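*Asks:* what shape does this take:
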Amino acid sequence: MIHQEMLIGGHFIGGVCDYATGKSVIRSPWDGATVGSAAEGGWSEMEGAISAAHDAFQTWRFSSSSDRAALLQRVSKLITERRQELADLMRAEIGKPVTLALGEVDRVAITFAEAARCAALIEPVSMPLDGDPRGVHYRAQVLRQPVGPIFGIVPYNWPINLAAHKIAPALAAGATIIVKPSPLSPLSTYALARIIHEAGAPDGVMNCLLVEPSVAERAIGDPRVKMLSFTGSPAVGWALKAKFPSKRVVLELGGNASAIVCASADLQKAAPRLATGAFAYAGQICISVQHILVERSRYEEVRARLLDEVSRMPVGDPSRPEVVCGPMISETAAERVIEWVEEADVAGATVLTGGTREGTMIAPTILENVPDTVRLANEEVFGPVVSLEPFDSLEHAIGRVNRSRYGIHASVFTEDGDERKMAADRLEVGGVVFNDSPTVRFDNLPYGGVKESGFGREGVRYAIEEMTELKSLVSRID
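*Replies:* Coordinates of the predicted model:
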C-alpha cells in the first residue's frame, strides 16, 4: 500500500489521513482492496500553497521559454519511463482498464511535449503597421504575459491527463499553479505532481493538495489566485463562475454526446467504433457516446451490429489487457445509472441488452424508444448506457442533437461530402468527429463545449492563450 503526500512549495507534506473513518483511504472500485492513502490538507496548507505559488510567480514569470520547455520535456520523458507504473496505479485506483490507462499515460507525455513546443508562444510577436500611414514612424510587438497563479480542479476519470491539461500550459506560459485532485483519485494526480517535482520544477511553481470543497472555494476567492481552470459537473462549474464573476475562468463540464450514422456510412467500421465509444471505461467519459441516431434505412442493421459487438465485448477485471468496459467508480454511481435505466424502462423504453448491475459492474446497456422526458434523454448518464433512435433526414438528426443543452463533441458517420459540410456547419458543439466516436480527442487541438458544457478552451496552445494576457508594445523610431 502506498501513501501519497501533498506538494506545497517544493515540500512533500503528510497531512491528514484518518484510517478509522476511511477518509482519504483509497479502495479499488473493482474488488474493494485498499490501494493506498492520500494526504489531505486544510486551510493552513492551502494558504501555504497559495503563498508559495504567488511567491514563485514573481520569478517564474520571467524565466526563459527555453528553460520552461526544457522542464516540460523532462516531465514528458519521466512520464514515459514510468508508463506502466502510472497505468497500474490508475487501474487500481479508479478501475480504468489497463490498456486505456496506458493510453492515458501516453497522452500525458504528448501533452507535456506539446507544451514544450508551445512555450515560445509567449515570446513577443512583431506586428505590421503598414495599413496605417502613421505606421511608418512606429514598430509594434504583441506580448503574452501569464495571468498569475492558477487554481486547477481535476475530476477522477482522467486524473493525470486532465491535470496535465492544466499544469503543462500553465508552466509553458510562465504561470504557477495549485491543483486540487478529486477525492476519488488523488493518488494518481499526486504521482504526477511528484514527477513534475523530480523533473526540476522550481519550488512553488507546481503545488498539489487534496482539500474539502469549502477550502477550495475559499482559495478561488483569494485575490492572489488569478484564474480558475475547472473540469467537473456543470452545476458546480457554473456556480463557481457566478460566485466569482471577476475571476478569469475556463470550465470543462458535462455532455451527452451523440453520434449520427448516415445511410452512406461504412457500418462494418462504424459499429465497433460506436460500441467502444459508448462503453470504454464504463462510459465514464464526458464525450462518451450516449445517443446514436441512425438513418432509418440502416437502423435495423446498426442495431444488430451493435448488439453483436456488445455480446463479444470483454468486460470486467480492469487488469486484463483485453477488457474495454470495467467497473463504475463506486456502487453509488452504479446504482444511480441503473435507476436512470429503470426510469426509462418504466416510461416505455425498450432495453435491448444490459440494464443489470453486480456491485460496481454494469453490463453494457443499449436502449431504444427512450422518451424525451426521462433523464437518459437529457442528462449526462456517465455510465455504460447508450440509446438508439432512427431519423429520416440529416437535418432532422442535427436538430435532435442541437436540442440538447450540452455540446462538447458529436460524431457523424458518412461517406458523403455534402453531409459532412452540413454537419460541420450546423452542429452546435465544440468539435465534430467524422467516421469515429466523439470520444476521439487530440491534445493539441482546441477542446471545450458550448451551451452548458463549458466556457473557454483547453488544448495546450489554446489553454496558454486563456492563461495569458495580451500587451501591445509600440515604439516610435524617428
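*Asks:* skipping adjacent residues, who's closest to residue 92 in space?
*Replies:* residue 35 (4.7 Å; CB to CB, 6 or more residues apart in numbering). Placement of C-beta: from N, CA and C, glycine included.
*Asks:* wait, residue 366
*Replies:* In space, residue 366 is closest to residue 352, 4.5 Å off (CB to CB, 6+ apart).
*Asks:* wait, isn't the one you found in contact with residue 307?
*Replies:* Yes - when contacts are counted by CB atoms under 8 Å, residue 352 is listed as touching residue 307 (6.3 Å).
*Asks:* just to revisit the earlier point, tell me the contacts of the residue nearest to residue 92?
*Replies:* When contacts are counted by CB atoms under 8 Å, 6 or more residues apart in numbering, residue 35 touches 1, 2, 26, 27, 28, 89, 92, 93, 187.
*Asks:* how deep is residue 469 tucked in, by neighbour count?
*Replies:* Look at residue 469: counted by other CB atoms under 10 Å, it has 12 neighbours.
*Asks:* surely residue 7 forms part of a helix?
*Replies:* No - counting by DSSP: H, G, I helix; E, B strand; the rest coil, residue 7 is located in no helix; its state is strand.
*Asks:* wait, it touches residue 192, no?
*Replies:* No - using CB under 8 Å, residue 7 is not in contact with residue 192; the gap is 10.0 Å.
*Asks:* overlap in contacts of these two?
*Replies:* In contact with both residue 7 and residue 192: residue 208, using CB under 8 Å, 6+ apart.
*Asks:* give me the more crowded residue out of those two.
*Replies:* residue 192 (30 against 27).
*Asks:* the more buried one reaches residue 162, doesn't it?
*Replies:* No - using CB under 8 Å, residue 192 makes no contact with residue 162, being 10.4 Å away.
*Asks:* need the distance between the two termini of stretch 403-421.
*Replies:* The first and final residues of stretch 403-421 sit 20 Å from each other (CA to CA, to the nearest Å).
*Asks:* typo on my end, it should be stretch 323-342
*Replies:* Stretch 323-342 has an end-to-end distance of 26 Å (CA to CA).
*Asks:* and stretch 221-232, by the same measure?
*Replies:* First-to-last residue span, stretch 221-232, CA to CA: 18 Å.
*Asks:* pull out the buried positions in that stretch.
*Replies:* 222, 225, 226, 227, 228, 229, 230, 231, 232 (16 or more other CB atoms under 10 Å).
*Asks:* contacts only, for residue 428.
*Replies:* Neighbours of residue 428 in contact, by CB under 8 Å, 6+ apart: 401, 402, 407, 450, 451.
*Asks:* now it: closest residue in space, sequence neighbours ignored.
*Replies:* residue 402 (4.6 Å).
*Asks:* burial check on residue 80, number of neighbours?
*Replies:* Residue 80: 16 neighbours (other CB under 10 Å).
*Asks:* kindly apply the preceding question to residue 183 instead.
*Replies:* 16.
*Asks:* that older thread, list the contacts of the residue nearest to residue 428.
*Replies:* 426, 427, 428.
*Asks:* make TSV from those residues and add distance to residue 334, secondary structure and pLDDT to it.
*Replies:* Output for these, formatted as TSV (distance: CB to CB, whole Å; DSSP: H, G, I helix; E, B strand; the rest coil; pLDDT from 0 to 100):
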residue	distance to residue 334	secondary structure	pLDDT
426	36	helix	99
427	31	coil	99
428	31	coil	99
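*Asks:* buried ones among the contacts of residue 428?
*Replies:* Buried among the contacts of residue 428 (16+ other CB under 10 Å): 401, 407, 450, 451.
*Asks:* among those, which are in helices?
*Replies:* If you go by DSSP state H, those have residue 401 in helices.
*Asks:* which of the buried ones among the contacts of residue 428 sits closest to residue 218?
*Replies:* Using CB to CB, residue 451 comes nearest to residue 218 of the buried ones among the contacts of residue 428, at 29.4 Å.
*Asks:* against residue 387, how distant is the closest residue to that closest one other than its chain neighbours?
*Replies:* Once flanking residues are discounted, residue 451 sits nearest to residue 407: 4.8 Å by CB to CB, 6+ apart. Using CB to CB, to the nearest Å, we find residue 407 at a distance of 18 Å from residue 387.
*Asks:* tell me the SS of the residue nearest to residue 92?
*Replies:* Residue 35 ends up strand, using three-state DSSP.
*Asks:* okay, it and residue 91: tell me how far apart.
*Replies:* On the measure of CB to CB, residue 35 and residue 91 end up 10 Å apart.
*Asks:* next, format the contacts of residue 428 as JSON lines and append pLDDT and distance to residue 149.
*Replies:* What follows is the contacts of residue 428, written out as JSON lines (pLDDT from 0 to 100; distance: CB to CB, whole Å):
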{"residue": "401", "pLDDT": "98", "distance to residue 149": "38"}
{"residue": "402", "pLDDT": "98", "distance to residue 149": "38"}
{"residue": "407", "pLDDT": "98", "distance to residue 149": "31"}
{"residue": "450", "pLDDT": "98", "distance to residue 149": "28"}
{"residue": "451", "pLDDT": "98", "distance to residue 149": "30"}
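*Asks:* now those as JSON lines including distance to residue 459?
*Replies:* Supplementary listing: the contacts of residue 428 in JSON lines, determined by distance: CB to CB, whole Å:
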{"residue": "401", "distance to residue 459": "22"}
{"residue": "402", "distance to residue 459": "23"}
{"residue": "407", "distance to residue 459": "16"}
{"residue": "450", "distance to residue 459": "15"}
{"residue": "451", "distance to residue 459": "19"}
